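Enquirer: Sequence and predicted structure, then a few things I'm wondering about:
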Amino acid sequence: MDRKYILRIVKGEGTPEERARFFARTSQDENLAREYARVKNKYIMSTLPYSPSSAVSLTGEKQKGRFVSSLIKVAAVLFIPLMSYFIYDISKDRGASKDIFKTVASTETGTGVHYWVNTGVKATVILPDSTQVWLNSASSLDIPENFGKDNRLVFLSGEGFFKVKSNKALPFHIKTPKGIAVRVTGTEFNLSCYENDKNLKLTLLKGSLDIIREQNNEIISVKPNEQVVIDYELPDKKVDSDTDLKYATAWKEGNLRFEKTPMDEVVRKLERWYGVHITIENKDLLRHFFTADFESESIIQVMELMKITIGASFEIKGNDIRLY
């Protein structure tokens with residue numbers, strides 16, 4: 001449905017009959033309900049005193065200055081070539097790939113190159129096999145010194161978007177903090193595995209890959225356009241074949257998106273994104289879910305929207321935020 005029409009409904013410009021038909025349709029169409037929530041939040045943001053004129057318009061048309069404001073939000077993008085740190089031996093016979101967890105056990109993290117991305121910052125890393133990795137805020141990536149010789153193994157804690165160079169003879173492995181590994185040959189995917197999150201989330205854009213649980217050696221095969229969510233505390237997994245790829249990788253383009261996101265997860269993402277510490281004094285707020293898109297908004301604007309949508313008052317002192 002046309003976003004301009006949805007905006008008319010948000011602003012109360014439609015007739016009572018039009019509005020009744022529209023909301024009857026949203027009760028049956030989840031995608032339309034999500035779009036309505038996004039447009040409504042954008043409209044609210046545009047009415048706040050802090051809203052910048054350079055933000056994307058409600059109808060989706062780009063206005064002047066969006067690129068500059070996006071850069072301000074991202075704060076910094078680092079291009080870190082690793083080629084000088086490694087000698088990539090392409091002539092060596094690599095043989096068959098070893099079991100991933102045996103390989104991990106025999107490879108110590110920290111013996112090669114370690115990268116840490118601060119809160120509020122994004123980084124780009126190019127590995128010696130030409131694999132590209134985009135790292136989100138508060139993420140770390142370890143590359144052992146023997147990378148590219150008898151294995152392609154890295155250690156990720158946080159969130160990264162991987163564009164893996166294809167090499168069927170030497171699969172690419174990612175070890176995460178809580179006993180879950182990812183095995184690929186050549187593909188594009190987003191992997192979120194922060195240690196203080198409740199789950200691991202992998203979204204596959206292209207190719208195919210396997211997720212491996214160390215505890216029981218379970219192998220989960222993932223197909224393109226699928227998102228797999230694994231709860232660290234439970235054996236269950238959730239596979240979504242109708243995921244929004246743009247939503248999963250929005251952070252890579254400097255956008256912060258929430259879609260029916262639990263408040264505890266919202267808080268963790270905001271802390272990483274803006275480099276702040278948030279304390280929730282009223283635990284009833286954790287029962288809420290939050291839907292919104294942010295592109296160049298400040299943390300004050302985010303808090304103002306949260307105040308309107310879920311009734312959360314806030315107080316900001318330096319980098320500390322109190323929600324009550």
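Expert: Received, thanks.

Enquirer: Okay, and Met306 sits in which element?
Expert: For Met306, the host element (DSSP states H and E) is helix 299-310.

Enquirer: other SSEs contacting that helix?
Expert: Contacts defined by 3 or more Cβ pairs under 8 Å, 6 or more residues apart in numbering; DSSP states H and E place helix 299-310 against helix 30-47, helix 263-274, strand 289-294, strand 314-317, strand 320-323. Heads up, the C-betas are built off the backbone N, CA and C, glycines and all.

Enquirer: residues contacting Ser130?
Expert: Residues in contact with Ser130 (Cβ atoms under 8 Å, 6 or more residues apart in numbering) are Lys165.

Enquirer: Look up how far Lys252 lies from Thr176.
Expert: Separation of Thr176 from Lys252 (Cβ to Cβ, to the nearest Å) stands at 19 Å.

Enquirer: Give the burial count for the closest residue to Lys206 other than its chain neighbours, as a bare number.
Expert: Of all residues not flanking Lys206 in the chain, Glu188 sits nearest, at 4.5 Å (Cβ to Cβ, 6 or more residues apart in numbering). Using other Cβ atoms under 10 Å, Glu188 has 19 neighbouring residues.

Enquirer: likewise the one 4 residues further on?
Expert: Other residues lying near Ser192 total 22 when counted by other Cβ under 10 Å.

Enquirer: Mind listing the residues bridging to it?
Expert: Glu159, Lys201 (DSSP bridges).

Enquirer: just to revisit the earlier point, tell me the average confidence for the helix holding Met306?
Expert: The average pLDDT for helix 299-310 rounds to 87.

Enquirer: Tell me the gap between that helix and the middle of its chain.
Expert: Relative to its parent chain, helix 299-310 has a centroid offset of 21 Å by Cα atoms, centre = their mean, to the nearest Å.

Enquirer: Do a quick rundown of the helices in this structure.
Expert: Taking DSSP state H to define them, one finds helices in the chain at 3-10, 16-26, 30-47, 66-74, 100-105, 245-248, 263-274, 299-310.

Enquirer: what's the most buried one of these?
Expert: Greatest average neighbour count among those goes to helix 263-274 (a mean of 20), per mean count of other Cβ atoms under 10 Å.

Enquirer: So what touches that one?
Expert: For helix 263-274, the surrounding residues in contact (Cβ under 8 Å, 6+ apart) are 119-120, 136-138, 194, 196-198, 251, 256, 258, 261, 276-278, 280, 285-290, 299, 302, 310, 323.

Enquirer: ok, 6 Å please
Expert: By Cβ atoms under 6 Å, 6 or more residues apart in numbering, the surrounding residues in contact with helix 263-274 are 119-120, 137-138, 256, 258, 278, 285-286, 288, 290, 299.

Enquirer: Then stretch 191-200?
Expert: So stretch 191-200 is contacted by 157-160, 176-177, 180, 201-202, 229-231 (Cβ under 6 Å, 6+ apart).
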